[in-house]
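A.B. asks: okay, sequence plus prediction incoming.
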Amino acid sequence: MNDSTPDSLIPYDEIVQEALRAVVGRVLGEVEANGLPGEHHFYITFKTRAPGVDIPDHLIAKFPDEMTIVLQNRYWDLSVGKDRFEVGLSFNQINSMLHIPFAAITSFVDPAVDFALQFQVDEVESNLDAHEPAQNDGDDQNEKVDDGSNVVTVDFGKKK
């Protein structure tokens, strides 16, 4: 009898990641149509150099690897597509439009209800320096994000 689990020929990890990213798209689509309900707000972390990400050069210079944005009080022109979203935010009094594919998102958190999703993103090869956390204008920087019991992390690592 063999105790080892065979490698799957079905890419379950990719299928689950795609389904969970669809959750983010659906939630953002509801916000696009109806606005943020109640106390809901989102922390969205994404890879700044992932394929399809289009953000101003000054933000890439400040956040060469990963950046977290907050959708709460001060955002505009939220537009959600099948595989990406666009949103206007202000950083140090500079208005910026960000175009972010769902595939670039590494984390989606709604601290109002202790909900969080974490994703795997293929690393972009480059020599990246450490950076400070992103702070778009209008955020309450003293608010803690509790990763609570509603964090969903999926990792289908292969057993050897």
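C.D. replies: The structure has been received and is ready for your questions.

A.B. asks: how about the helices in this protein?
C.D. replies: Ranges of helices within the chain are 12-34, 57-62, based on DSSP state H.

A.B. asks: distance of residue 115 from residue 23?
C.D. replies: 10 Å (Cβ to Cβ, to the nearest Å). The C-beta positions use only the backbone N, C-alpha and C, and glycine is treated the same way.

A.B. asks: between the two, which is the more surrounded one?
C.D. replies: Higher neighbour count among residue 115 and residue 23: residue 115, with 17 against 14, using other Cβ atoms under 10 Å.

A.B. asks: and the gap between that one and residue 63?
C.D. replies: Counting by Cβ to Cβ - residue 115 and residue 63 are separated by 24 Å.

A.B. asks: beta partners of residue 68?
C.D. replies: When bridges are called by DSSP bridges, residue 68 pairs up with residue 45.

A.B. asks: hmm, back to that, of all the helices of the chain, which lies closest to residue 4?
C.D. replies: Nearest to residue 4, of all the helices of the chain, is helix 12-34, at 17.3 Å by Cβ to Cβ.

A.B. asks: okay, the closest one in PDB with CA atoms only?
C.D. replies: The C-alpha atoms that make up helix 12-34 are tabulated as PDB, following Å, rounded to 0.1, in the frame of the first residue of the first chain:
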ATOM      1  CA  TYR A  12      -6.900  22.700  -8.400                       C
ATOM      2  CA  ASP A  13      -4.900  25.500  -6.900                       C
ATOM      3  CA  GLU A  14      -5.300  27.700 -10.000                       C
ATOM      4  CA  ILE A  15      -9.000  26.900 -10.200                       C
ATOM      5  CA  VAL A  16      -9.600  27.900  -6.500                       C
ATOM      6  CA  GLN A  17      -7.500  31.100  -6.800                       C
ATOM      7  CA  GLU A  18      -9.500  32.100  -9.900                       C
ATOM      8  CA  ALA A  19     -12.800  31.500  -8.000                       C
ATOM      9  CA  LEU A  20     -11.700  33.500  -5.000                       C
ATOM     10  CA  ARG A  21     -10.600  36.400  -7.200                       C
ATOM     11  CA  ALA A  22     -14.100  36.300  -8.700                       C
ATOM     12  CA  VAL A  23     -15.400  37.000  -5.200                       C
ATOM     13  CA  VAL A  24     -13.300  40.200  -5.100                       C
ATOM     14  CA  GLY A  25     -14.700  41.100  -8.500                       C
ATOM     15  CA  ARG A  26     -18.200  40.500  -7.500                       C
ATOM     16  CA  VAL A  27     -17.800  42.500  -4.300                       C
ATOM     17  CA  LEU A  28     -16.200  45.500  -6.100                       C
ATOM     18  CA  GLY A  29     -18.900  45.300  -8.800                       C
ATOM     19  CA  GLU A  30     -21.600  45.600  -6.100                       C
ATOM     20  CA  VAL A  31     -19.700  48.600  -4.700                       C
ATOM     21  CA  GLU A  32     -19.500  50.100  -8.100                       C
ATOM     22  CA  ALA A  33     -23.200  49.800  -8.600                       C
ATOM     23  CA  ASN A  34     -24.400  50.700  -5.100                       C
END
